[in-house]
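S.K.: Model the following, please.
(chains A and B)
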Amino acid sequence: RKEVEQDPGPFNVPEGATVAFNCTYSNSASQSFFWYRQDCRKEPKLLMSVYSSGNEDGRFTAQLNRASQYISLLIRDSKLSDSATYLCVVNDYKLSFGAGTTVTVRA
Amino acid sequence: EAQVTQNPRYLITVTGKKLTVTCSQNMNHEYMSWYRQDPGLGLRQIYYSMNVEVTDKGDVPEGYKVSRKEKRNFPLILESPSPNQTSLYFCASSGPRNYGYTFGSGTRLTVV
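M.R.: The predicted model follows:
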(Lines give C-alpha, C1' and ligand atoms only; values in the text may rest on other atoms or scores of the structure.)
Protein backbone atom coordinates (compact mmCIF):
# COMPACT_ATOMS: atom_id res chain seq x y z
CA ARG A 1 0.00 0.00 0.00
CA LYS A 2 1.30 3.45 -0.88
CA GLU A 3 2.01 5.80 2.01
CA VAL A 4 -0.24 8.48 0.57
CA GLU A 5 -2.99 7.84 -1.97
CA GLN A 6 -5.11 10.30 -3.87
CA ASP A 7 -7.87 10.06 -6.45
CA PRO A 8 -6.08 11.36 -9.55
CA GLY A 9 -9.27 12.86 -10.98
CA PRO A 10 -9.60 14.83 -13.08
CA PHE A 11 -12.37 16.76 -11.42
CA ASN A 12 -13.91 18.92 -14.10
CA VAL A 13 -16.20 21.57 -12.58
CA PRO A 14 -17.85 24.82 -13.72
CA GLU A 15 -16.88 28.14 -12.28
CA GLY A 16 -18.62 28.79 -9.01
CA ALA A 17 -19.03 25.13 -8.13
CA THR A 18 -17.78 23.40 -5.01
CA VAL A 19 -15.31 20.58 -5.42
CA ALA A 20 -13.93 18.31 -2.74
CA PHE A 21 -11.52 15.41 -2.72
CA ASN A 22 -9.73 13.21 -0.24
CA CYS A 23 -6.37 11.72 0.42
CA THR A 24 -5.68 8.63 2.51
CA TYR A 25 -2.49 7.90 4.42
CA SER A 26 -1.16 4.63 5.74
CA ASN A 27 0.75 5.59 8.88
CA SER A 28 -1.65 6.08 11.78
CA ALA A 29 1.10 7.85 13.73
CA SER A 30 1.47 10.64 11.15
CA GLN A 31 1.38 13.99 12.84
CA SER A 32 1.21 16.74 10.29
CA PHE A 33 -0.37 17.19 6.94
CA PHE A 34 -0.35 19.71 4.13
CA TRP A 35 -1.94 20.49 0.82
CA TYR A 36 0.33 21.74 -1.95
CA ARG A 37 -0.72 23.12 -5.29
CA GLN A 38 1.18 22.39 -8.48
CA ASP A 39 0.53 24.09 -11.78
CA CYS A 40 1.42 22.26 -14.95
CA ARG A 41 5.01 20.98 -14.58
CA LYS A 42 5.93 23.83 -12.26
CA GLU A 43 7.18 23.57 -8.71
CA PRO A 44 4.73 22.65 -5.94
CA LYS A 45 3.73 25.47 -3.64
CA LEU A 46 2.33 25.22 -0.15
CA LEU A 47 -1.41 25.85 -0.16
CA MET A 48 -2.24 25.21 3.47
CA SER A 49 -1.54 23.09 6.48
CA VAL A 50 -4.19 20.74 7.80
CA TYR A 51 -4.99 21.07 11.49
CA SER A 52 -6.72 18.49 13.63
CA SER A 53 -9.75 20.70 14.14
CA GLY A 54 -10.02 21.57 10.47
CA ASN A 55 -9.14 24.95 9.04
CA GLU A 56 -10.15 27.43 6.38
CA ASP A 57 -8.20 29.78 4.21
CA GLY A 58 -10.59 31.87 2.17
CA ARG A 59 -12.42 29.53 -0.18
CA PHE A 60 -10.36 26.52 0.84
CA THR A 61 -11.24 24.21 3.72
CA ALA A 62 -9.05 21.37 4.92
CA GLN A 63 -10.20 18.59 7.22
CA LEU A 64 -8.43 15.74 8.98
CA ASN A 65 -10.08 12.47 9.96
CA ARG A 66 -7.60 10.52 12.06
CA ALA A 67 -9.93 7.60 12.71
CA SER A 68 -10.26 6.87 9.00
CA GLN A 69 -6.80 8.21 8.15
CA TYR A 70 -7.74 10.68 5.50
CA ILE A 71 -7.54 14.38 4.86
CA SER A 72 -9.76 16.38 2.58
CA LEU A 73 -9.70 19.61 0.66
CA LEU A 74 -12.82 21.52 -0.31
CA ILE A 75 -12.80 24.44 -2.70
CA ARG A 76 -15.85 26.71 -2.69
CA ASP A 77 -16.87 29.11 -5.46
CA SER A 78 -14.29 27.67 -7.85
CA LYS A 79 -12.33 30.08 -10.02
CA LEU A 80 -10.62 29.39 -13.32
CA SER A 81 -7.34 30.06 -11.52
CA ASP A 82 -7.99 27.12 -9.19
CA SER A 83 -7.23 24.73 -12.07
CA ALA A 84 -4.18 22.82 -10.90
CA THR A 85 -3.01 19.57 -9.39
CA TYR A 86 -3.39 19.38 -5.62
CA LEU A 87 -0.83 17.31 -3.76
CA CYS A 88 -1.54 15.75 -0.42
CA VAL A 89 1.53 15.68 1.82
CA VAL A 90 2.08 13.74 5.02
CA ASN A 91 4.92 14.60 7.35
CA ASP A 92 6.44 11.54 9.00
CA TYR A 93 9.78 13.13 9.75
CA LYS A 94 10.17 13.16 5.98
CA LEU A 95 7.51 14.41 3.62
CA SER A 96 5.55 11.85 1.63
CA PHE A 97 3.65 13.14 -1.38
CA GLY A 98 0.55 11.80 -3.02
CA ALA A 99 0.52 11.62 -6.81
CA GLY A 100 -1.94 14.51 -6.94
CA THR A 101 -5.57 15.26 -7.79
CA THR A 102 -6.16 17.28 -10.94
CA VAL A 103 -8.88 19.92 -10.86
CA THR A 104 -10.04 21.71 -13.98
CA VAL A 105 -12.42 24.64 -13.60
CA ARG A 106 -14.24 25.55 -16.82
CA ALA A 107 -15.92 28.82 -17.72
CA GLU B 1 13.69 37.31 -2.26
CA ALA B 2 13.64 33.96 -0.48
CA GLN B 3 14.15 31.27 -3.06
CA VAL B 4 15.62 27.97 -4.13
CA THR B 5 17.56 28.17 -7.38
CA GLN B 6 18.11 25.15 -9.57
CA ASN B 7 20.18 24.94 -12.71
CA PRO B 8 19.83 24.04 -15.46
CA ARG B 9 16.09 24.21 -16.14
CA TYR B 10 16.36 21.86 -19.09
CA LEU B 11 19.04 19.34 -19.96
CA ILE B 12 19.34 16.71 -22.66
CA THR B 13 22.30 14.39 -22.30
CA VAL B 14 23.55 11.02 -23.43
CA THR B 15 23.79 7.81 -21.48
CA GLY B 16 26.88 7.63 -19.32
CA LYS B 17 27.90 11.28 -19.42
CA LYS B 18 28.30 12.58 -15.89
CA LEU B 19 26.21 15.59 -14.98
CA THR B 20 25.49 17.80 -12.00
CA VAL B 21 22.31 19.69 -11.24
CA THR B 22 22.94 22.56 -8.86
CA CYS B 23 20.66 23.74 -6.09
CA SER B 24 21.14 26.78 -3.90
CA GLN B 25 18.92 28.37 -1.23
CA ASN B 26 19.22 31.77 0.42
CA MET B 27 17.00 31.16 3.47
CA ASN B 28 19.63 29.64 5.75
CA HIS B 29 17.59 26.43 5.83
CA GLU B 30 19.22 23.39 7.36
CA TYR B 31 17.07 20.82 5.58
CA MET B 32 17.40 20.26 1.84
CA SER B 33 16.09 17.51 -0.36
CA TRP B 34 15.95 16.25 -3.93
CA TYR B 35 12.87 14.76 -5.55
CA ARG B 36 12.03 13.32 -8.90
CA GLN B 37 8.55 13.48 -10.33
CA ASP B 38 7.23 11.00 -12.84
CA PRO B 39 3.69 10.72 -14.24
CA GLY B 40 1.39 8.82 -11.92
CA LEU B 41 4.07 8.35 -9.26
CA GLY B 42 4.14 11.72 -7.60
CA LEU B 43 7.21 13.19 -5.98
CA ARG B 44 9.71 10.63 -4.76
CA GLN B 45 12.59 11.58 -2.54
CA ILE B 46 16.08 10.82 -3.84
CA TYR B 47 18.35 12.17 -1.09
CA TYR B 48 18.05 14.59 1.74
CA SER B 49 20.36 16.53 4.01
CA MET B 50 19.70 17.61 7.58
CA ASN B 51 22.70 19.91 7.70
CA VAL B 52 26.21 20.48 6.35
CA GLU B 53 28.03 17.18 5.78
CA VAL B 54 24.90 15.22 6.80
CA THR B 55 23.16 13.44 3.95
CA ASP B 56 20.96 10.36 3.73
CA LYS B 57 19.16 8.25 1.17
CA GLY B 58 15.55 8.82 0.34
CA ASP B 59 13.25 6.38 -1.40
CA VAL B 60 14.97 6.19 -4.79
CA PRO B 61 18.70 6.92 -4.32
CA GLU B 62 20.14 4.44 -6.84
CA GLY B 63 22.18 6.14 -9.54
CA TYR B 64 22.48 9.45 -7.71
CA LYS B 65 24.95 11.14 -5.41
CA VAL B 66 24.76 14.34 -3.41
CA SER B 67 27.03 16.48 -1.32
CA ARG B 68 26.47 19.18 1.28
CA LYS B 69 29.72 21.05 1.82
CA GLU B 70 28.01 24.37 2.46
CA LYS B 71 24.64 25.10 4.00
CA ARG B 72 23.26 26.86 0.96
CA ASN B 73 24.22 24.34 -1.75
CA PHE B 74 23.04 20.81 -2.37
CA PRO B 75 24.07 19.53 -5.82
CA LEU B 76 22.68 16.36 -7.35
CA ILE B 77 25.20 14.27 -9.25
CA LEU B 78 24.47 11.60 -11.82
CA GLU B 79 27.75 9.78 -12.36
CA SER B 80 26.50 7.66 -15.27
CA PRO B 81 23.01 8.74 -16.31
CA SER B 82 20.67 6.21 -17.86
CA PRO B 83 17.39 6.68 -19.76
CA ASN B 84 15.34 5.63 -16.72
CA GLN B 85 16.60 8.78 -14.99
CA THR B 86 14.72 10.90 -17.48
CA SER B 87 12.43 12.86 -15.20
CA LEU B 88 11.49 16.20 -13.69
CA TYR B 89 13.70 16.97 -10.71
CA PHE B 90 12.98 19.34 -7.85
CA CYS B 91 15.21 20.60 -5.11
CA ALA B 92 13.54 21.80 -1.91
CA SER B 93 14.52 23.30 1.40
CA SER B 94 12.72 23.89 4.65
CA GLY B 95 13.13 25.33 8.08
CA PRO B 96 12.48 23.41 11.30
CA ARG B 97 10.07 20.47 11.35
CA ASN B 98 9.79 20.24 7.58
CA TYR B 99 7.18 22.95 7.61
CA GLY B 100 6.62 24.91 4.43
CA TYR B 101 8.93 23.37 1.88
CA THR B 102 10.19 25.82 -0.73
CA PHE B 103 10.85 24.21 -4.08
CA GLY B 104 13.14 25.20 -6.90
CA SER B 105 11.67 25.69 -10.36
CA GLY B 106 12.61 22.21 -11.48
CA THR B 107 15.04 20.62 -13.91
CA ARG B 108 13.68 18.63 -16.80
CA LEU B 109 16.28 16.01 -17.62
CA THR B 110 16.22 13.80 -20.68
CA VAL B 111 18.78 11.01 -21.03
CA VAL B 112 19.01 9.50 -24.51
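
S.K.: CA atoms for contacts and neighbours, from now on please.
M.R.: Fine.

S.K.: and the residue of chain A found nearest chain B, backbone torsions?
M.R.: In chain A, the residue that lies nearest chain B is A:A99 (3.7 Å; CA to the nearest CA). Note on A:A99: its backbone torsions stand at phi -80, psi -10 [degrees, to the nearest 10].

S.K.: so B:L88 sits right up against B:L41, yeah?
M.R.: No - using CA atoms under 8 Å, B:L88 is not in contact with B:L41, being 11.7 Å away.

S.K.: between the two, who's got more neighbours?
M.R.: The neighbour comparison of B:L88 against B:L41 (other CA atoms under 10 Å in any protein chain shown) goes to B:L88, with 21 against 12.

S.K.: Just the pLDDT for residue 86.
M.R.: I'll assume chain A. pLDDT, A:Y86: 97.

S.K.: Chain B is the one I meant
M.R.: 98.

S.K.: Just list the residues touching the spatially closest residue to it that is not a sequence neighbour, thanks.
M.R.: Excluding the flanking residues, the one nearest B:T86 by CA to CA, 6 or more residues apart in numbering or on different chains is B:T110, at 4.6 Å. By CA atoms under 8 Å, 6 or more residues apart in numbering or on different chains, the contact set of B:T110 is B:L11, B:I12, B:T13, B:P83, B:Q85, B:T86, B:S87.

S.K.: ok and the residue in chain B nearest chain A?
M.R.: For chain B, CA to the nearest CA, closest residue to chain A: B:G42, 3.7 Å.
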